[in-house]
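S.K.: Could you work out the structure for the sequence below:
(2 chains)
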Amino acid sequence: MTLTLNHYLLVSGLLFSIGFAGVLLRRNIIIIFMCLELMLNAANLSLVAFSRFNVGADGLPNFNAQVLTFFIITVAAAEVAVGLAIIVALYRARQTTHVEDITTLKF
Amino acid sequence: MNNNDIIPWFILLNPLITAVLILFVFRKNHGTAATVSTMSAFFGLVGSLCAFTLAPTHTFVRWIDMPGLQIPIGVQLDHLSQLMLLVVTGIGFLVHLYSTVYMEHDESKSRFFGHLSLFMFSMLGIVLADNFAMMFIFWELVGVSSYLLIGHWFTRDAAGKAANKAFMMNRIGDFGFMLGILMLWSTAGTVTFKGLEAATGTLTTNPMFLTAAILLVFCGAMGKSAQFPLHTWLPDAMEGPTPVSALIHAATMVAAGVFMLARIAFLIGLSPAAALIIAWIGAITSILAALMATQQDDIKRILAYSTLSQLGYMVMAIGLAPDPNGGPAMFHLFTHAFFKALLFLGAGAVIHALHHEQNIWKMGGLSKHMRVTSITFLIGTLALTGCPGLAGFFSKDAILLAAWSNKPLFFIAWSTAFLTAFYMTRLYIVAFTGKERSEAAHHGHDCPAPMTIPLVILAILAVCAGWKTESYFMSHHAEHASHIPMLLAICAFMFGTFAAMTLYKGKDKEPLSLPLFRNKFYLDEIYGAIVAGTQDVLAYIAAKIDSLISGIVRLAGMAAWGVGFLFRLLQFGNVQGYSFVFGLGVVWLIWFVVFK
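M.R.: Presented below is the predicted three-dimensional model:
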């Protein structure tokens, strides 16, 4: 059995679904945050897979998307820094990391 | 510029310098202000006497000088202005002298004299102006200074209102005046009187246009000379100090309109239609004012209505006999200035002696206590009513003679003469004869010399101003074709005097009651209703539009608020709920994009 694009996409979709389910169901913000990262990396995986299977006339795949993935990882790292800082600030203010305790922004 | 040319400039600028000096330097120094102002008025009189002997001159400096529009600032000394200068400065000096006593205890004496000098400057500017634009400037200055003088006692509500009324009524007329000047300029291309006189050929090419222009210019005279229907400000202007009433509202300012009409008599002569309308407006004013005067109780108001009536006479005479030298109108202006100033100053002396009592029914018997005042007042009355031999008789006779050709106008003029004799005799009999009807009347006394001297001088002039002076005003000597008008005028005088004597002799209160005349034909009320009505309608429309617009604005605001209210229900505060909805949205979007 050879690995095809669909296998990669299946794994990517599974990762995305697990991440989304975690975002919806978990209560701890840090876990939610990790799940968000999982979703992001699922998207990265599909991007790399598409790139790998997009073979040009010279028999080589198109590497542009793989380079793009590195950029995405870099930006994601920066985003994590900001997100963690927000979570720390939130914890200092509320002494909690549970989303069901943070419900003031509503009518 | 030789010496003779300097004199008119001196006459013009002397009161301006005085006014500036008083208002900026002697503001606090009341005694000096009165002296300086009176001295300056005296110098003005001397200057005018010199100017009277000079040959006509005309000097000017260029002011606005563009292609198509030249407006010089010039002084024009001619037959007409020479005499008017004498009247203005002569009466002006006597009034200044009189004011030094009358206003003795006034808190803002220096302001009064400063404004008096400013008024003299403006008035002399009108008299000497050689073009319409300059005349208009001084015309407005006269309006301002009369506003200041009427409102001198501005802490009194009535005085403030009267000043405003005078100013606004004058502005209505002046708007027409300005339009008239612009119309004349657009046809003739010049605003100087000499230029207009030379351009009569161009002006007469469109008679309708010329008539309209003259009538618009006449609107200015209607405001300033208080002609019907813009006359209502003059009686109210009596709220000002009495010397002001004498100077401004009897002898000079109100005469400015008549003087201006005499200045442009050559134009009026070109348009018979305009001349006829002017004559009729004058006649209507004279008879209405005379009727109103018969029922007034305030001594100054009677004189004010009498002034209105006499101004109507002059305007009628301008319309009937436009004459570059003034004609009967300027003749009457000349004599009227003396006896009306005399009457006002006499009334002022009475008011002064009776501690500001102005109701004639609270006077009575004053001839016993105030000898000089009552004799001079009687002379003034006789001169005004047209007693043969006195000044008013000659000028009134000249006007009646001019009106003889137009019988309806003659009848109105004759009735006015009769009514004049009637109400003036009523005034004299009620105020000066009989028994004293109030405590103050018992203690009446003649006033100090600076107040009585002007009375005596004016009384002498009121007697002899009409002797042999008529020919000065007539550019061509008219033969007295008919003696009937003169005889009728004497009849009017005798009937009027006799009727008033029989009716009012020994009466303690008004035997007649004519509310229509007493309330001035309800004209003030009618004007008030018109103004208030217009205002109400406009305000109603404005309020409707306003409520419509603010309704739309409010609706827009309400809509934004309502939509916001609906959407904020979606903010339920659960982060994971939001992500769930978001996820659903993404799924729906993918389904929509991929499978639809």
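
S.K.: Closest residue of the stretch 51-200 of chain B to chain A?
M.R.: Closest approach between the stretch 51-200 of chain B and chain A, counting by C-beta to the nearest C-beta: B:N164, at 59.6 Å. Backbone N, C-alpha and C define where each C-beta goes, glycine included.

S.K.: Contacts only, for that residue.
M.R.: Counting by C-beta atoms under 8 Å, 6 or more residues apart in numbering or on different chains, B:N164 touches B:Y147, B:G151.

S.K.: what about it, which SS state?
M.R.: Secondary structure assignment for B:N164 (DSSP: H, G, I helix; E, B strand; the rest coil): helix.

S.K.: Just to check, B:H332 is in contact with B:S395?
M.R.: Yes. Contact criterion C-beta atoms under 8 Å: B:H332 and B:S395 qualify, at 3.8 Å.

S.K.: which helices and strands sit right next to the helix or strand harbouring B:F121?
M.R.: Using DSSP states H and E, B:F121 falls within helix B:109-128. Packing contacts for helix B:109-128, counted by 3 or more C-beta pairs under 8 Å, 6 or more residues apart in numbering or on different chains; DSSP states H and E, involve helix B:3-24, helix B:30-53, strand B:69-77, helix B:79-102, helix B:132-150, helix B:253-263.

S.K.: rerun at 7 Å
M.R.: Here helix B:109-128 touches helix B:3-24, helix B:30-53, helix B:79-102, helix B:132-150, helix B:253-263, going by 3 or more C-beta pairs under 7 Å, 6 or more residues apart in numbering or on different chains; DSSP states H and E.

S.K.: quick check: angle from that helix to helix B:3-24?
M.R.: With axes from the mean of the first three to the mean of the last three C-alpha atoms, to 10 degrees defining the directions, helix B:109-128 sits at 150 degrees from helix B:3-24.

S.K.: residue ranges with poor pLDDT in chain A?
M.R.: A:107 (pLDDT under 70).

S.K.: Can you check the pLDDT for B:H476?
M.R.: pLDDT, B:H476: 65.

S.K.: And the one 10 residues further on, by the same measure?
M.R.: Turning to B:M486, the model gives it a pLDDT of 80.

S.K.: Distance check, the residue of the stretch 301-450 of chain B found nearest chain A against B:A317.
M.R.: Per C-beta to the nearest C-beta, B:R301 is where the stretch 301-450 of chain B lies closest to chain A, at 75.1 Å. Using C-beta to C-beta, to the nearest Å, B:R301 is found at 25 Å from B:A317.

S.K.: Same drill for those two, tell me which one is more crowded.
M.R.: B:A317 (34 against 20; other C-beta atoms under 10 Å in any protein chain shown).

S.K.: picking that back up, report the angle between the axes of the helix holding B:F121 and helix B:253-263?
M.R.: Using the same axes, to 10 degrees: helix B:109-128 against helix B:253-263 is 10 degrees.

S.K.: Can you show me the CA trace of helix B:109-128 as CSV?
M.R.: Provided in CSV are the C-alpha atoms of helix B:109-128 (Å, rounded to 0.1, in the frame of the first residue of the first chain):
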residue,chain,number,x,y,z
LYS,B,109,-24.1,115.2,30.4
SER,B,110,-20.9,114.8,28.5
ARG,B,111,-22.2,111.8,26.5
PHE,B,112,-25.3,113.9,25.7
PHE,B,113,-23.2,116.7,24.3
GLY,B,114,-20.9,114.4,22.5
HIS,B,115,-23.8,112.8,20.7
LEU,B,116,-25.3,116.2,20.1
SER,B,117,-22.1,117.3,18.3
LEU,B,118,-22.0,114.0,16.4
PHE,B,119,-25.6,114.7,15.3
MET,B,120,-24.6,118.2,14.1
PHE,B,121,-21.7,116.7,12.1
SER,B,122,-24.0,114.1,10.4
MET,B,123,-26.7,116.7,9.7
LEU,B,124,-24.3,119.2,8.2
GLY,B,125,-22.9,116.4,6.1
ILE,B,126,-26.3,115.8,4.5
VAL,B,127,-26.7,119.5,3.9
LEU,B,128,-23.3,119.9,2.3
